[in-house]
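Colleague: Based on what follows, work out the 3D shape:
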Amino acid sequence: MSMANATSHEGPRTRDFRCNGCGSPLQIPKNSRGHVRCPSCKTECVIEGLVKNAEIAAKDNINSGIPLTASPATLHRLLVKAMNDQRYLPLDAYEKLEVVREERHCVPAYLFDCSASASFRYEHGVERRQSITEDNWTREKRWTEWQPITDNASVTLSLLAPGEKNLAKLIQTVYLGFDPKEIKEFGINCMNIKQKVKCPDLEANSRHFCGQLVDIEELEFPYDVETHAFNLPQNVAFNEYIQPLVEGALIMQARCSLSDKVRNFRMGGSKIDKEIKRVFLGLYRIVMNYGGTESSIWVTGDGQIYLGEMPRDSQQEELHKEKQQALASVPGTFWLAIGGLFSSSARQKRRGRLEQKANAKADLEAFESQWSTAAQRFKESKTALRGIYQDLTD
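Modeller: Okay, the predicted model is just below:
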């Protein structure tokens, strides 16, 4: 048994496999499980990444997953978008940043299909009026009558939870729009019916990602995929990441049915029925180098969503704050405007402050325009970033 050689051609993603025994080219059939027999010399070649992938799939009963389908052009476009989105990106990053590698990862996750319900109680306020006549004088009495009401809320959600604890934040933030630190607070915050709560469209997210799932027999990953093993227990994944979201969704559903005049809103205990599947999630990690320091972003298998950090110019950030403070520190002109009706000195002082404010604002706007100008200049150059994507034409 020998390890297959991989040689690169025509860019960073195309690979030609050759037998270690005779050097003949090898084609990797679907579901090879990482073992390929050379048609020329009959040597059985082993592709490590796919072997580990197949072993974990069999051991943990993986039945489906989200493949890696993004093209290099798609990943490059998303990387440029990430740079455009990064505040305080060094102004020469478009010219000097180098994309050094593109990693492919196979990450385990749990798919929880949840049907949940919960009762809730509240008091609904009804405005009452009564005319009262005393001593030939009529007055109107008004009051609020509070009526107790009990109702039920129900939701059906398919939610992905991490199966690998080191990548928990990544999975939750990318696939549900929540940082794990925010998840536990979600249901608590939802209880305050007067508070606006950050609530991503969980149903839309689940439809988007679950629609990409393919059967394990059709799920293909590249030879060099890094497969991560499950190390987060199923019950922990549910309790930490799924249950708070489902209960929060129940509260939000209940809140939507409430009228304006409500008090003493209370949720009852929830009942959550769930079916659990173990899945693989394909993720890209794009690694960059700027000024000798590496940074990276993670990208979903379809190349649509990213999470990560770009290079950041701390000096530009400090300078920006100084210019913002300079604008905010310009004294107001309200009282000077009133004084100007009577005093020429007040009118002159007011004109001076208005000019100072206009100059500070123009200075700030010119400073902030540097980033959009750099991004536009790169776009107009119609070139790719340096590194593994530099031969792309878009």
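
Colleague: Just the C-alpha atoms of stretch 129-149, please, in PDB.
Modeller: Only the C-alpha atoms of stretch 129-149 are listed here, as PDB (Å, rounded to 0.1, in the frame of the first residue of the first chain):
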ATOM      1  CA  ARG A 129     -65.500  54.300  30.200                       C
ATOM      2  CA  GLN A 130     -68.500  55.200  32.300                       C
ATOM      3  CA  SER A 131     -70.600  58.400  32.500                       C
ATOM      4  CA  ILE A 132     -71.500  59.400  36.000                       C
ATOM      5  CA  THR A 133     -74.100  62.100  36.700                       C
ATOM      6  CA  GLU A 134     -74.100  63.800  40.100                       C
ATOM      7  CA  ASP A 135     -76.000  67.000  41.000                       C
ATOM      8  CA  ASN A 136     -76.900  67.500  37.400                       C
ATOM      9  CA  TRP A 137     -73.300  67.400  36.400                       C
ATOM     10  CA  THR A 138     -72.000  64.600  34.200                       C
ATOM     11  CA  ARG A 139     -68.400  63.400  34.200                       C
ATOM     12  CA  GLU A 140     -66.700  60.500  32.500                       C
ATOM     13  CA  LYS A 141     -64.800  57.900  34.500                       C
ATOM     14  CA  ARG A 142     -62.000  56.000  32.700                       C
ATOM     15  CA  TRP A 143     -60.000  53.000  33.800                       C
ATOM     16  CA  THR A 144     -58.200  50.000  32.500                       C
ATOM     17  CA  GLU A 145     -59.700  46.600  33.100                       C
ATOM     18  CA  TRP A 146     -57.000  43.800  33.100                       C
ATOM     19  CA  GLN A 147     -58.100  40.400  31.800                       C
ATOM     20  CA  PRO A 148     -56.000  37.300  32.300                       C
ATOM     21  CA  ILE A 149     -55.300  35.400  29.100                       C
END
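
Colleague: Pull out the buried positions in stretch 151-171.
Modeller: 153, 155, 157-164, 167-168, 170-171 (16 or more other C-beta atoms under 10 Å). Where you see a C-beta, it was placed from the backbone N, CA and C, and this is true even at glycine.

Colleague: Now intersect these with the strands, please.
Modeller: 153, 155, 157, 158, 159, 160, 161, 162 (DSSP state E).

Colleague: What helix or strand is the nearest residue to the second one once chain neighbours are set aside located in?
Modeller: Distances taken as C-beta to C-beta, 6 or more residues apart in numbering place residue 249 nearest to residue 155, at 4.7 Å, with adjacent residues excluded. Taking DSSP states H and E as the definition, residue 249 sits inside helix 243-256.

Colleague: swap in residue 279?
Modeller: Counting by DSSP H and E, residue 279 is found in strand 262-290.

Colleague: That strand pairs with which strands?
Modeller: Strand 262-290 sits in its sheet next to strand 64-66 (parallel), strand 98-134 (antiparallel), strand 293-300 (antiparallel), going by DSSP bridges.

Colleague: Quick one, which of the ones you listed gets closest to residue 90.
Modeller: Among the strands paired with strand 262-290, strand 293-300 comes nearest to residue 90, with 10.8 Å by C-beta to C-beta.

Colleague: Pull out the buried residues from that closest one.
Modeller: Buried positions in strand 293-300, judged by neighbour count with 16+ other C-beta under 10 Å: 295, 296, 297, 298, 299, 300.

Colleague: Next up, the contacts around the first one.
Modeller: For residue 295, the contacting residues are 287, 288, 308, 309, 310, 311, by C-beta atoms under 8 Å, 6 or more residues apart in numbering.

Colleague: swap in the fourth one?
Modeller: With contacts taken as C-beta under 8 Å, 6+ apart, residue 298 has the following neighbours: 170, 174, 283, 284, 285, 306, 307, 308.

Colleague: so what's it bridging to?
Modeller: Applying DSSP bridges to residue 298 gives these bridge partners: residue 285, residue 307.

Colleague: Relative to residue 378, how far out is it?
Modeller: Distance, residue 298 to residue 378, using C-beta to C-beta, to the nearest Å: 23 Å.

Colleague: still on that earlier bit, the residue nearest to residue 155: neighbouring residues, count only.
Modeller: Using other C-beta atoms under 10 Å, residue 249 is surrounded by 25 other residues.

Colleague: where does it land on pLDDT?
Modeller: According to the prediction, residue 249 has pLDDT 88.

Colleague: That one is in contact with residue 156, isn't it?
Modeller: No: taking C-beta atoms under 8 Å as the definition, residue 249 is not a contact partner of residue 156, at 9.7 Å.

Colleague: Quickly note the distance from residue 177 to residue 87.
Modeller: Going from residue 177 to residue 87 by C-beta to C-beta gives 20 Å.

Colleague: Please say which of these two ends up with more neighbours.
Modeller: Remark: of residue 177 and residue 87, residue 177 carries more neighbours, 16 against 12, as counted by other C-beta under 10 Å.

Colleague: And that one, its phi and psi?
Modeller: Main-chain dihedrals, residue 177, degrees, to the nearest 10: phi 80, psi 20.

Colleague: Next: residue 223.
Modeller: phi -60, psi -30.

Colleague: Common neighbours of residue 249 and residue 156, please.
Modeller: Common contacts of residue 249 and residue 156, defined by C-beta under 8 Å, 6+ apart, comprise residue 116.

Colleague: What separation is there between the residue lying farthest from the centre of the chain and residue 142?
Modeller: In the chain, the residue that sits farthest from the middle, by C-alpha atoms, centre = their mean, is residue 135; the gap is 69.6 Å. To residue 142, residue 135 is 20 Å away according to C-beta to C-beta.
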